[in-house]
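Chemist: below is the sequence, then the predicted model.
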Amino acid sequence: MPYAIKFHRTGGPEVFEWQEVTVDEPGPGEIRLQHTAVGLNYIDVYHRSGLYPAPLPAVPGLEAAGVVIAVGKGVTDLTVGDRVAYASGPLGAYSEERVMAADRVVKLPDNISDEVGAAMMLQGLTAQYLLRRTYAVKKGDTLLVHAAAGGVGLILCQWAKHLGATVIGTVGSADKAELAKEYGCDHPIIYTQEDFQERVLEITHGQKVPVVYDSVGKDTFMKSLDCLSPLGLLVLFGQSSGNVPPFDLGALSVKGSLFITRPTLATYTAKREDLLKGAQELFEVVSQGIVKINIHQRYALKDAAQAHRDLEARKTTGSTILKV
């Protein structure tokens, strides 16, 4: 029988257990996958901790790559042996095998490995909708990206630079500043040593920026707003420091008729055609070397608890995978 990481209660990484699981045969519109690599993402922490409630017991994870080993009735565009990847619910990626809705997975191109596929789908598709749909970045824009040395951050820096933008990014250390700069961040700001709001004003000569990509949340929210030029957009796509507290929307008018959005990948890829279009754009920039997906950490799937400890301690950079 295949194994999976399960948790029966919410809490810290210690709630994870390595257990045998039963995997059903695929039903209509479904496929059965044998995973080869699983992506590690901060949203996995939210599910494990209970910040994002999930029915228990649960197998965490929303992203993986693998091989199709069985197909259900009505599945016509996938066959046994196809290499595929996904970044979608329901939970269950931290497993050796699983059943998945066929319309939620995409075929991997021959020139993209399973490891890279598992490492890039959730973070890469997130970057795609952030840069191409939530705010359509254009040549000459200046952006602020928080957690610029993280998985999504490094992709945002590279892709935005390719689109002709100037990228300002916040990071937590000198090493992460060097990494972000290597990946296209023009102005890394070490937030533990400098006030990022003041630095944004200096870098932009007081003009501020039209968009801030913020996955940090509580600790950066107010200053992120103060980095925006009039009619600017705060894209709050995560909350690694905690939820943003209640906020008086009247402040948006005072600060320059600002906009705030709280997007999710699930919404932006709910339609099959949007998923395929986003994946195709991602595959193109990765295949062309515009966006490099370097896997900086690898753990065995059964060691997922340690991977979570390191992720929460901010010891990881870029992409991390769990090897199956």
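Modeler: Thanks, I have it. These figures come from a predicted structure and were not determined experimentally.
Chemist: name the element His47 belongs to?
Modeler: Assigned by DSSP states H and E, His47 belongs to helix 42-49.
Chemist: what helices and strands are in contact with the following helix or strand past that helix?
Modeler: Downstream of helix 42-49, the first helix or strand assigned by DSSP H and E is strand 63-71. Here strand 63-71 touches strand 30-39, strand 83-87, helix 114-129, going by 3 or more Cβ pairs under 8 Å, 6 or more residues apart in numbering; DSSP states H and E. No exception for glycine: its C-beta is placed from N, CA and C like everyone else's.
Chemist: pull out the buried positions in strand 63-71.
Modeler: Within strand 63-71, the residues scored as buried using 16 or more other Cβ atoms under 10 Å are 63-68, 70-71.
Chemist: go on, stretch 20-37?
Modeler: 21, 23, 26, 30-37.
Chemist: next: stretch 4-13.
Modeler: Neighbour-count burial for stretch 4-13 [16+ other Cβ under 10 Å]: 4-7, 10, 13.
Chemist: of the residues you listed, which belong to strands?
Modeler: Residues of the buried residues of stretch 4-13 located in strands (DSSP state E): 4-7.
Chemist: now the helix holding His47 and strand 63-71, what's the angle there?
Modeler: Angle of helix 42-49 versus strand 63-71, following axes from the mean of the first three to the mean of the last three Cα atoms, to 10 degrees, is 80 degrees.
Chemist: keeping just the C-alphas, turn helix 42-49 into CSV.
Modeler: Written as CSV, here are the backbone C-alpha positions of helix 42-49 (Å, rounded to 0.1, in the frame of the first residue of the first chain):
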residue,chain,number,x,y,z
TYR,A,42,3.5,28.2,2.8
ILE,A,43,-0.2,27.5,2.4
ASP,A,44,0.6,24.0,3.6
VAL,A,45,1.5,25.5,6.9
TYR,A,46,-1.9,27.3,7.0
HIS,A,47,-3.7,24.0,6.5
ARG,A,48,-1.6,22.2,9.1
SER,A,49,-2.0,24.9,11.7
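Chemist: neighbouring contacts of it?
Modeler: 7, 10-13, 15-16, 51-52, 54, 58, 60-62, 91, 94, 122, 150, 215, 238, 240, 308, 311-312 (Cβ atoms under 8 Å, 6 or more residues apart in numbering).
Chemist: chain center to that helix, what's the gap?
Modeler: Between the centre of helix 42-49 and the centre of its chain there are 12 Å (Cα atoms, centre = their mean, to the nearest Å).
Chemist: with adjacent residues omitted, what lies nearest to Val244?
Modeler: Phe221 (4.7 Å; Cβ to Cβ, 6 or more residues apart in numbering).
Chemist: now Gly27
Modeler: Gly27's closest residue in space is Gly72 (Cβ to Cβ, 6+ apart), at 5.0 Å.
Chemist: phi, psi of the one you found?
Modeler: Dihedral pair for Gly72: phi -90, psi 180, per degrees, to the nearest 10.
Chemist: can you list the domain ranges for this protein.
Modeler: Domains of the chain are assigned by automatic domain parsing as 3-121+285-323, 139-262.
Chemist: end-to-end on the longest one?
Modeler: Distance across domain 3-121+285-323, first residue to last, is 13 Å (Cα to Cα, to the nearest Å).
Chemist: kindly report the same for stretch 54-62.
Modeler: End residues of stretch 54-62 are separated by 13 Å (Cα to Cα).
Chemist: state the mean pLDDT of that stretch.
Modeler: The pLDDT scores in stretch 54-62 average 95.
Chemist: ditto for stretch 271-281
Modeler: pLDDT averaged over stretch 271-281 gives 95.
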